[in-house]
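Novice: this one's sequence-less:
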């Protein structure tokens, strides 16, 4: 019995040592992954900062004006290009656009149903059964 207990104790000691070894190296691997991710995040932030600086450089007003002068063939606005209020078309009437299109096609009364007539109390008439 004493030998069995000793053997069981040695096996449990070896098992716990293997488990501790495994946990230690798993944590080391995870710490390395965290360090790699932090380094990657830092590189990405630096790349974003460079792109923002390049964007600000490209969007300088004097550079954009020079490009517009060279390639856009823009001219100042003249009085003849402006319209008067009386020349503008009237606003379209507010309404249901789909119903207007159906009515224009003659499809509005295809079902032959009618809306219920309202009574004086604001309710539809009730149906009486014989």
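Specialist: Great, that's in hand. Fair warning: this is a prediction, and the values are worked out from it, not measured in the lab. Residues are numbered from 1 along each chain as shown.

Novice: At the geometric centre of this structure, which residue sits there?
Specialist: residue 48 (20.8 Å; C-alpha atoms, centre = their mean).

Novice: Helix or strand for that residue, just tell me which one.
Specialist: Using DSSP states H and E, residue 48 sits within helix 2-58.

Novice: how distant is that helix from the center of its chain?
Specialist: 34 Å (C-alpha atoms, centre = their mean, to the nearest Å).

Novice: on that earlier part again, tell me the pLDDT at the residue nearest to the centre of the chain?
Specialist: What the model reports as pLDDT for residue 48 is 97.

Novice: which secondary structure element contains residue 89?
Specialist: Here residue 89 is assigned to no helix or strand, by DSSP H and E.

Novice: distance of the residue nearest to the centre of the chain from residue 60?
Specialist: Look at residue 48 and residue 60: by C-beta to C-beta, to the nearest Å, they are 20 Å apart. For every residue, glycine as well, the C-beta is placed using N, CA and C.

Novice: cool, and residue 66?
Specialist: According to C-beta to C-beta, residue 66 stands 9 Å off from residue 60.

Novice: Please apply the same query to residue 82.
Specialist: Distance, residue 82 to residue 60, using C-beta to C-beta: 31 Å.

Novice: Cheers, nothing more for now.
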